[in-house]
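>>> have a look at this prediction, sequence included:
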Amino acid sequence: MFLDPKRHLIINRFGGIERIFSFKMMVDKALHVLVASLFFVIWFGGSLPNAYAQLTPTFYDETCPNVSTIIQGVLAQALQTDPRIGASLTRLHFHDCFVDGCDGSILLDNTDTIESEKEAVPNNNSARGFDVVDDMKAALENACPGIVSCADILAIAAEESVFLAGGPSWKVPLGRRDSLIANRSGANSSIPAPSESLDVLKSKFAAVGLNTSSDLVALSGIGSGNPDPTLNTTYLAALQKICPQGGNGSVVTNLDPATPDTFDRNYFSNLQTNEGLLQSDQELFSTPGADTIDVVNSFSSNQTAFFESFVVSMIRMGNISPLTGTDGEIRLNCRKVNDVSTGSNALLLVPMKGSGCYNGYSLFLTMLMLCVVSRSQLTNDFYSTTCPKLLQIVRKEVQKAIKSETRMAASLIRLHFHDCFVNGCDASILLDGSDGEKFALPNINSARGFEVVEAIKTAVESQCSGVVSCADILAIAARDSVLLSGGKSWKVLLGRRDGLVANQTGANAKLPSPFEDVDTIINKFAAVGLNITDVVALSGAHTIGQAKCATFNNRLFNFSGTGAPDTTMDSSMVSDLQTLCPLTDDGNKTTALDRNSTDLFDNHYFQNLLNNKGLLTSDQELFSSTNLTTKDLVQTYSTNQSLFLDDFANSMIRMGNISPLTGSSGEIRKKCSVVNS
Ligand code: HEM
């Protein structure tokens, strides 16, 4: 069921069958331990790995449909000069997944802050193929910039390698993201070693969720070392002849078997005749009383079952703790995390749909963000000694305000958003003055809740004077507003300081407009370091609150000069709104952004979009434009409220991290509407 017979048709594209089968033999020797070990996970009914996450083989269908072909192409090239590379790449995937999950952490180079896994004992002078991964990444960046993670490249490369070695093909679940860190000590302790006892090896499998039944077998790396006394002497002599020290790997072409169907069965047969290459291989068969012996015997004569089990096991291994959603990032370069000064991930990598100048634009964004975004040192216990009751004080004030006007929850959330998008989350929006942000187009006669923020500030000052910033109050009040409207809570990161200036021009330019198309909005989010998931998740804030007729009446009568309403607005909603917002009106009447459940923080906003009931152009565009990524997310959130609420919380944290002032920058305002004198 997992095999993909069609794949065998493409063999000849990569240098001919003979070379591939030669390579297969090489890979066979390199992969056998992995093959056997993983197989046994299934055979003995090991428990599921700890995260099945949201990986799917169709993950890149829209965004990078040729991802596998591109990787195949680079692999085929590499095989011309290095027949062993498939084995090496498969081992990279394996060594990646066993350390903090399949997150590309093994690919990271040393830096001041990163102790690479490359130099861990199981990898040092042994893990290889990094340059080929770089080539794959470069080819993918060329074809679909910023889309494919390095972790997924490893997973696909492993599958391609196995297939090209004459093994099975399978649909690789995809959608992993890349880690921001490496874990050398984890690599030292988690990766099975060829010399370890069967029990230790089993426990290492169990530790990553591949086995809870203690019936697993060893997994070993590909190492050199002294010949094992249990090694069949004829085989040893043959190996020594084929692989002289300093020899050239291409000699293995002489081992080309007659058919591609022998290597898996041969591997098991080899164990039966003491021809396992590594100690950990041979132990599967030679450990007295081992529960693995029967399996070896069985699979030495049952290739089909072995292939199927192997595929299932590879998929299970690839599912070890992947980073998904907004976790991690999509690295630009597999060897290093994206520039830390961006303070966010994947933001540079938003594909600019319909733009023929992605690279220039991306560079521009990179430079822009280097200027405007800094990595924060925010923490969630920032005020634990200086204002220990802070969270209670704010919660009480927000509660009071919402009790007196339900809509205030929405208004407070929006204030935090409009603050963060302009000069970072520095409370600049709260400053009075005709040249302030309050008078910028997106805020004038629209942003509200200033008096509530001031009331919170007064309450806080009365208990901890001069300590808590207005920027932090906005962040906490936004979180509480979501919670008190029925959404999920999150730990707010704190430690922001208040800006000394407002930026009205910035507010006019940077805040998204309801009339903008989805690509423009995505770009505005990218400019502050937020990605497409952030766009869609955060737009879900429109599950509560109100909007004025002026922000959507362009859709009601003469949309884009068509002389008719917007066809992506439900017709009965159009007529309701035409009544509410007649052309002659001043545009100041308001209606609910989410007609389905006006004051409840739920996923009905997304359900509305599916039914053409988004209020603003910018809302409906998330579902009705040609952007399939946003459409997909809308669809997902419309059926999965919990995921929406989780993603929303994550995105709020990311948004709250936009260029905060910390340390001695800015000040702690005494009053939120004016800078200290
Ligand atoms: C994606 C781009 C966005 C656009 C174009 C947009 C635009 C708007 C507009 C035009 C309104 C109505 C304002 C009025 O009539 O006075 C509004 C309301 C609101 N927006 Fe957004 N918004 C966007 C994203 C967000 C985000 C990221 C958040 C928060 C995380 C948010 C939270 C809100 C809330 C809660 C309201 C209701 C405010 C109230 O009732 O006082 N919006 N938005």
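Okay, I see it.

>>> quick check: next helix or strand after the helix or strand bottoming out on mean pLDDT in the chain?
Least confident helix or strand of the chain, by mean pLDDT, DSSP states H and E, is helix 358-372 with a mean of 37. Where DSSP states H and E defines the elements, the next helix or strand beyond helix 358-372 is helix 390-404.

>>> between whichever helix or strand comes after that following helix and helix 390-404, how many degrees?
Per DSSP H and E, the first helix or strand lying C-terminal to helix 390-404 is helix 408-420. Compare the direction of helix 408-420 with that of helix 390-404 by axes from the mean of the first three to the mean of the last three C-alpha atoms, to 10 degrees and you get 130 degrees.

>>> ok, helix 408-420 near the ligand or not?
Yes - contact between helix 408-420 and the ligand, assessed by C-beta under 6 Å from any ligand atom, occurs at 410-411, 413-414, 417. Any C-beta I mention is one placed from the backbone N, CA and C, and that applies to glycine too.

>>> tell me what that helix is packed against?
Packing contacts for helix 408-420, counted by 3 or more C-beta pairs under 8 Å, 6 or more residues apart in numbering; DSSP states H and E, involve helix 390-404, helix 450-463, helix 470-484, helix 641-656.

>>> check the offset of it from the chain's centre.
A distance of 27 Å separates the centroid of the chain from that of helix 408-420, by C-alpha atoms, centre = their mean, to the nearest Å.

>>> buried residues in that helix?
By neighbour count on 16 or more other C-beta atoms under 10 Å, the buried set for helix 408-420 is 408-420.

>>> got it, and stretch 65-81?
67-68, 70-79.

>>> return the member of these nearest to residue 564.
Of all these, the one sitting nearest residue 564 is residue 67; the distance, using C-beta to C-beta, is 41.3 Å.

>>> could you pull up the residues touching that closest one?
60, 140, 144, 148, 152, 156, 174 (C-beta atoms under 8 Å, 6 or more residues apart in numbering).

>>> go again using 7 Å as the cut-off
Residue 67 is in contact with 60, 140, 148, 156, counting by C-beta atoms under 7 Å, 6 or more residues apart in numbering.

>>> could you say what helices and strands the helix or strand hosting residue 296 packs with?
Following DSSP H and E, the helix or strand that holds residue 296 is helix 293-299. If contacts are counted by 3 or more C-beta pairs under 7 Å, 6 or more residues apart in numbering; DSSP states H and E, helix 293-299 sits against helix 17-43, helix 263-272, helix 279-286.

>>> so what's the residue of the chain found nearest the ligand up against?
Nearest to the ligand, among the residues of the chain, is residue 545, at 2.4 Å (C-beta to the nearest ligand atom). By C-beta under 7 Å, 6+ apart, the contact list for residue 545 reads 407, 410-411, 414, 593.

>>> return the residues of the protein in contact with the ligand.
Counting by C-beta under 6 Å from any ligand atom, the chain sits next to the ligand at 407, 410-411, 413-414, 417, 446, 448, 512-514, 521, 535, 538-539, 541-542, 544-548, 551, 593, 616, 618.

>>> just the ones of the residues you listed in helices?
Of the residues of the chain next to the ligand, the ones assigned to helices by DSSP state H are 410-411, 413-414, 417, 521, 535, 538-539, 618.

>>> now these as CSV including pLDDT?
Formatted as CSV, those follow (pLDDT from 0 to 100):
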residue, pLDDT
410, 98
411, 98
413, 98
414, 98
417, 98
521, 97
535, 97
538, 98
539, 98
618, 98
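
>>> the domain parsing of this structure - what is it?
5-318, 390-505, 512-656 (automatic domain parsing).

>>> of these, which shows the lowest average pLDDT?
Between these, the lowest average pLDDT goes to domain 5-318, which shows a mean of 73.

>>> sorry, back to before: quick check: phi and psi on the residue of the chain closest to the ligand?
phi 90, psi -180 (degrees, to the nearest 10).

>>> now do the end-to-end distance for stretch 397-410.
Using C-alpha to C-alpha, to the nearest Å, one end of stretch 397-410 lies 15 Å from the other.

>>> quick one: the closest residue to residue 191 other than its chain neighbours from residue 128, how far?
In space, residue 191 comes closest to residue 122 once its chain neighbours are excluded; the distance is 4.2 Å by C-beta to C-beta, 6 or more residues apart in numbering. Distance, residue 122 to residue 128, by C-beta to C-beta, to the nearest Å: 13 Å.

>>> repeat that for residue 648.
Using C-beta to C-beta, residue 648 is found at 42 Å from residue 128.

>>> the two: who's more crowded?
Neighbour count, other C-beta atoms under 10 Å: between residue 648 and residue 128, residue 648 has more, with 25 against 18.

>>> pull the number of nearby residues for the nearest residue to that one once chain neighbours are set aside.
Nearest residue to residue 648 in three dimensions, chain neighbours excluded: residue 537, at 4.8 Å (C-beta to C-beta, 6+ apart). Residues lying near residue 537 (other C-beta under 10 Å) number 28.

>>> now the one 5 residues further on
By the measure other C-beta under 10 Å, the count of residues near residue 542 is 25.

>>> please apply the same query to residue 560.
Neighbours of residue 560 (other C-beta under 10 Å): 11.

>>> just residue 319 next, same as before
With other C-beta under 10 Å as criterion, residue 319 counts 23.

>>> close enough to count as contact, it and residue 56?
No - between residue 319 and residue 56 there is no contact under C-beta atoms under 7 Å: 11.3 Å.

>>> contacting residues around the residue lying closest to residue 581 once chain neighbours are set aside?
Excluding its sequence neighbours, the residue lying closest to residue 581 (C-beta to C-beta, 6+ apart) is residue 549, at 3.4 Å. Counting by C-beta under 7 Å, 6+ apart, residue 549 makes contact with 580-581, 585, 587-589.

>>> quick one, phi psi at residue 559?
Torsion angles, degrees, to the nearest 10, at residue 559: phi -70, psi 120.

>>> contacting residues around it?
565-566.

>>> quick check: the gap between it and residue 70.
In terms of C-beta to C-beta, residue 559 sits 41 Å off from residue 70.

>>> same question for residue 531.
Counting by C-beta to C-beta - residue 531 and residue 70 are separated by 22 Å.

>>> contacting residues around the closest residue to residue 130 other than its chain neighbours?
Of all residues not flanking residue 130 in the chain, residue 107 sits nearest, at 6.5 Å (C-beta to C-beta, 6+ apart). By C-beta under 7 Å, 6+ apart, the contact list for residue 107 reads 130, 133, 150, 334-335.

>>> again with residue 153
Residues near residue 153 by C-beta under 7 Å, 6+ apart: 71, 133, 136-137.

>>> now go through the residues you listed and say which are in strands.
Judged by DSSP state E, strands contain none of the contacts of residue 153.

>>> list the contacts of the spatially closest residue to residue 627 that is not a sequence neighbour.
Leaving aside its chain neighbours, residue 627 sits nearest to residue 518 (4.9 Å; criterion: C-beta to C-beta, 6+ apart). Contact partners of residue 518, counting by C-beta under 7 Å, 6+ apart, are 621-622, 625, 627, 630.

>>> hmm, 8 Å instead?
For residue 518, the contacting residues are 535, 618, 621-622, 625, 627, 630, by C-beta under 8 Å, 6+ apart.

>>> what about stretch 485-500, start to end distance?
Using C-alpha to C-alpha, the end-to-end distance of stretch 485-500 comes out at 32 Å.

>>> how about that stretch: buried residues?
Result for stretch 485-500 [16+ other C-beta under 10 Å]: buried residues 485, 487, 490, 492-499.

>>> any residues in contact with both of residue 319 and residue 56?
Common contacts of residue 319 and residue 56 (C-beta under 8 Å, 6+ apart): residue 173.

>>> do a quick rundown of the strands in this protein.
Under DSSP E, the chain gives strands at 546-548, 590-592.

>>> in JSON lines, list those along with distance to residue 315 and mean neighbour count.
Shown next, in JSON lines, are the strands of the chain (distance: least, C-beta to C-beta, whole Å; neighbours: other C-beta atoms under 10 Å):
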{"stretch": "strand 546-548", "distance to residue 315": "46", "mean neighbour count": "18"}
{"stretch": "strand 590-592", "distance to residue 315": "45", "mean neighbour count": "18"}
